[in-house]
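K.L.:
Test case, fold it:
(4 chains)
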There are 2 protein chains.
Amino acid sequence: MRNDPDAFSLDAFLPYRLAVLASRVSRDLSGTYGERFGLSVPEWRVMAHLAEGSNVSVRDIEARVDMEKSKVSRAAKRLEKRGLLARRPHPTDKRLIALSLTDQGTSVFNQIVPLALSFESELKSRLTASDRDHLDRITDILLKGVTM
Amino acid sequence: MRNDPDAFSLDAFLPYRLAVLASRVSRDLSGTYGERFGLSVPEWRVMAHLAEGSNVSVRDIEARVDMEKSKVSRAAKRLEKRGLLARRPHPTDKRLIALSLTDQGTSVFNQIVPLALSFESELKSRLTASDRDHLDRITDILLKGVTM
DNA sequence: TCGGGATCATTGCGCATGCAACGAGTTTGC
DNA sequence: GCAAACTCGTTGCATGCGCAATGATCCCGA
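P.N.:
Numbers count the residues shown, from 1 in each chain, chains lettered A, B, ... in the order given. Okay, here's the model as predicted:
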């Protein structure tokens, strides 16, 4: 058994396993900040990127954060409406828009980071140190084998 | 550097890495069957589940396949409209609906399976045998650490 | 210098999604 | 035996999404 060439098991299929794992991890994680702060995943990602470096354009985020530019643009609009993000014209290139976190946005982000990191720690706590190294290395390899 | 306790790196954040990896793998994979057969991911998943065992209810799929029941219901509707799936009343429990692949649906599925498996093989070919074992084990562990 | 092509952010459109509500059917408890 | 609680699948609604088109701006070559 298990050698039937016609058998296809969704449960053993790597793309499916990755999709299920990622979506559940993401759901559990956003449960730790979503309820308290009312942030969606795209919004959280934009904030995380802006926290790493301010005055960034939409296309910078698009390139780094695996989101379509329209998704970035809309997430930024929602964040601006809530006062977490500021949108200013780029000094020299008028096509670009310099996005940055407001003080309030920075404050919210700083409250979320410990929650996110502790969630990650708990998740990783089930793995041995060696497993964690393997995981990092393997995801790197797989990411390289994939478009973009 | 890199030890700043306030630093948060999205790139190193496991939930983010998993989300990016899964979505890119999923996109590349559906490129191999989506164009040819016009199937979305939810539709493919429903078919894969029905191929494992016929006459299944919506809630069976919901439980096994990580999709909301409304998502399953609508995917089934689309598949039925294209003649790939049949929908019959359950013999004893009239609340349930027995879903199964039509002959045409089975034929389409059998054409896709080799494409999916070869995609998976190519992806895994970048990993050593030991890495693959680790990956399977690690995803199992992580899946157990997550809700549902 | 200036005109065509590229780049940037936004938006309109059609569609998929999640959630809650609903209607039909079934089980449970008394 | 029957009412209340539950289960199952569908659907209405608001929202977010991907994609292509748009307008504004910039770059580059002749």
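
K.L.:
Show me the longest helix that occurs in chain A.
P.N.:
Determined from DSSP state H, the single longest helix within chain A is helix A:14-37.

K.L.:
Which parts of chain A are strands?
P.N.:
A:85-89, A:97-101 (DSSP state E).

K.L.:
which residues does the nearest residue to A:P91 once chain neighbours are set aside contact?
P.N.:
In this structure, A:P91 finds its nearest non-sequential neighbour in A:A98, 8.0 Å apart by CB to CB, 6 or more residues apart in numbering or on different chains. C-betas here are computed from N, CA, C, even on glycine. Contact analysis of A:A98 by CB atoms under 8 Å, 6 or more residues apart in numbering or on different chains lists A:S54, A:N55, A:V56, A:S57, A:R87, A:R88, A:P89, A:H90, A:P91.

K.L.:
7 Å instead?
P.N.:
Contacts for A:A98 were tallied using CB atoms under 7 Å, 6 or more residues apart in numbering or on different chains; they are A:N55, A:S57, A:R88, A:H90.

K.L.:
Which of the residues you listed sits closest to DNA strand C?
P.N.:
Of all the contacts of A:A98, DNA strand C sits closest to A:S57, with 2.8 Å by CB to the nearest atom of the strand.

K.L.:
Show the contacting residues for the closest one.
P.N.:
A:H90, A:L96, A:I97, A:A98.

K.L.:
Output the below-cut-off pLDDT ranges for chain A.
P.N.:
A:1-6, A:148 (pLDDT under 70).

K.L.:
Okay, helices next: where are they in it?
P.N.:
Under DSSP H, chain A gives helices at A:14-37, A:41-52, A:58-65, A:69-81, A:103-124, A:129-144.

K.L.:
which residues are contacting the longest helix of chain A?
P.N.:
With contacts defined as CB under 7 Å, 6+ apart, helix A:14-37 is touched by A:10, A:39, A:41, A:44, A:108, A:112, A:115-116, A:119, A:123, B:15, B:18-19, B:21-22, B:25-26, B:29, B:66, B:120, B:123-124, B:139, B:142-143, B:146-148.

K.L.:
What's the local residue count around A:L39?
P.N.:
For A:L39, the number of neighbouring residues by other CB atoms under 10 Å in any protein chain shown comes to 23.

K.L.:
can you tell me how far it sits from A:F109?
P.N.:
10 Å (CB to CB, to the nearest Å).

K.L.:
Dihedrals phi and psi, A:R82?
P.N.:
With angles defined as degrees, to the nearest 10, A:R82 sits at phi -100, psi 0.

K.L.:
do you know how far it is from A:L115?
P.N.:
Note on A:R82: its distance to A:L115, by CB to CB, is 19 Å.

K.L.:
And for A:R88?
P.N.:
Here the criterion is CB to CB. By it, A:R88 lies 29 Å from A:L115.

K.L.:
again with A:L142
P.N.:
Look at A:L142 and A:L115: by CB to CB, they are 27 Å apart.

K.L.:
Also A:D60?
P.N.:
Going from A:D60 to A:L115 by CB to CB gives 26 Å.

K.L.:
Check which residues of stretch A:86-106 are buried.
P.N.:
Neighbour-count burial for stretch A:86-106 flags A:A86, A:L96, A:I97, A:A98, A:L99, A:S100, A:L101, A:T102, A:G105, A:T106 (criterion: 16 or more other CB atoms under 10 Å in any protein chain shown).

K.L.:
Give me the nearest residue to the residue nearest to the spatial centre of chain A, chain neighbours excluded.
P.N.:
The centroid of chain A falls nearest to A:R45 when counting by CA atoms, centre = their mean (4.6 Å). Once flanking residues are discounted, A:R45 sits nearest to A:V65: 5.1 Å by CB to CB, 6+ apart.

K.L.:
which residues touch that neighbour?
P.N.:
Neighbours of A:V65 in contact, by CB under 7 Å, 6+ apart: A:R45, A:H49, B:L10.
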